[in-house]
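In: got a predicted model here, sequence first, then my questions.
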Amino acid sequence: MVLKVERQADFLDPSRLSLRVMLDNQSPEPTPRDAHGRCNTVFGAGLSLTLPQTAHRPLRLDRVEPSYRFRDHLDYPAIGLNCGIHADVAAGELHLATTASPRFAQPRIVARQIDLPFQFAILKNPGFDATKLFELPRAYVKWIDEQEVRLKDTVTAGLDRADAEIESARLRKDIAAQRAEARYIERGVEMLIASKKAYEMLSGLAGRIARPSSPGPPPGAPGP
């Protein structure tokens with residue numbers, strides 16, 4: 001077993017160095033006869049490395065194309081070779097350690113808290129005020145406005161002019177599509193309100209048509 005440390009200059013930034021630290025199993029391949037009872041694999045091995053946090057720069061993964069949606073998930077403390085990497089920072093030092101397998105952290109998506117009923121038992125009630133549903137598109141438009149302000153000046157960070165223009169155009173297109181979607185939701189609520197009014201009007205008209213009028217005396221019958 002050999003511990004190897006390879007150093008390579010960063011071609012994009014000569015002031016930085018790229019280091020590769022690895023355990024290299026240089027055991028010879030066993031012969032077919034030895035392979036029946038011998039294994040040159042090392043089990044339970046791992047590497048750990050501690051260095052000052054100020055001396056470390058996270059890896060910035062290259063992108064096939066710009067994407068403001070994933071721009072915050074491209075920094076890694078290190079890349080594992082046939083393993084995962086776990087990083088801890090304490091007292092100004094960065095501790096890197098290999099893991100048996102890569103691990104992925106999926107940020108939890110928390111639903112927005114909107115004061116709006118969602119139970120079918122309430123929504124289907126004829127007495128439910130459908131105008132309350134306008135709160136859904138209003139909350140959506142508010143979120144769109146916040147995202148537009150937040151991303152307007154950040155989608156082009158670190159990009160050249162051509163990619164920056166692509167990202168800006170993509171953001172404008174997505175914002176416009178989201179605003180159209182919010183309008184679709186609003187129109188859906190308007191249709192619910194209009195259909196309820198039409199139903200109530202037709203129900204009242206049908207009741208008046210179906211209600212029999214007072215019968216008069218038959219023809220030829222004597223009056224009172």
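Out: Received it, and whenever you're ready, just let me know what you need.

In: what about the helices in this protein?
Out: With helices called from DSSP state H, the chain shows them at 120-123, 135-151, 161-210.

In: where does this structure have low pLDDT?
Out: Residue ranges of the chain with pLDDT under 70: 63-66, 71-73, 102, 205-224.

In: for Ser15, find the nearest of the helices of the chain.
Out: Ser15 sits nearest to helix 161-210 of all those, at 24.1 Å, using CB to CB. Where C-beta positions appear, they are placed from N, C-alpha and C, glycine not excepted.

In: what angle separates the closest one from helix 135-151?
Out: Angle between the axes of helix 161-210 and helix 135-151 is 170 degrees (criterion: axes from the mean of the first three to the mean of the last three CA atoms, to 10 degrees).

In: any idea how far helix 161-210 is from the chain center?
Out: 24 Å (CA atoms, centre = their mean, to the nearest Å).

In: now do stretch 116-134
Out: Distance of stretch 116-134 from its chain centroid, counting by CA atoms, centre = their mean, is 28 Å.

In: now do the same end-to-end measure for that stretch.
Out: Taking CA to CA, to the nearest Å, the first and last residues of stretch 116-134 lie 10 Å apart.

In: and the contacts of it?
Out: Identification of contacts with stretch 116-134 by CB atoms under 8 Å, 6 or more residues apart in numbering yields Glu135, Leu136, Glu186, Val189, Leu192, Ile193, Lys196.

In: hmm, back to that, out of the helices of the chain, which one sits most buried?
Out: Ranked by mean neighbour count, these are led by helix 135-151 with a mean of 15 (mean count of other CB atoms under 10 Å).

In: so what does it touch, helix or strand wise?
Out: Judged by 3 or more CB pairs under 8 Å, 6 or more residues apart in numbering; DSSP states H and E, helix 135-151 is in contact with helix 161-210.

In: name the helices or strands packed onto the helix it packs on?
Out: Helix 161-210 sits against helix 135-151, with contacts defined as 3+ CB pairs under 8 Å, 6+ apart.

In: can you show me the CA trace of the helix it packs on as PDB?
Out: The C-alpha trace of helix 135-151 is given here as PDB (Å, rounded to 0.1, in the frame of the first residue of the first chain):
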ATOM      1  CA  GLU A 135     -55.300  34.000  -2.000                       C
ATOM      2  CA  LEU A 136     -53.500  31.200  -3.900                       C
ATOM      3  CA  PRO A 137     -52.600  33.200  -7.100                       C
ATOM      4  CA  ARG A 138     -51.900  36.200  -4.900                       C
ATOM      5  CA  ALA A 139     -49.300  34.200  -2.900                       C
ATOM      6  CA  TYR A 140     -47.900  32.800  -6.100                       C
ATOM      7  CA  VAL A 141     -47.400  36.300  -7.600                       C
ATOM      8  CA  LYS A 142     -45.800  37.500  -4.500                       C
ATOM      9  CA  TRP A 143     -43.300  34.600  -4.600                       C
ATOM     10  CA  ILE A 144     -42.600  35.300  -8.300                       C
ATOM     11  CA  ASP A 145     -41.900  39.000  -7.500                       C
ATOM     12  CA  GLU A 146     -39.400  38.000  -4.700                       C
ATOM     13  CA  GLN A 147     -37.600  35.500  -7.000                       C
ATOM     14  CA  GLU A 148     -37.300  38.100  -9.800                       C
ATOM     15  CA  VAL A 149     -35.700  40.600  -7.400                       C
ATOM     16  CA  ARG A 150     -33.400  38.000  -5.900                       C
ATOM     17  CA  LEU A 151     -32.200  36.500  -9.100                       C
END
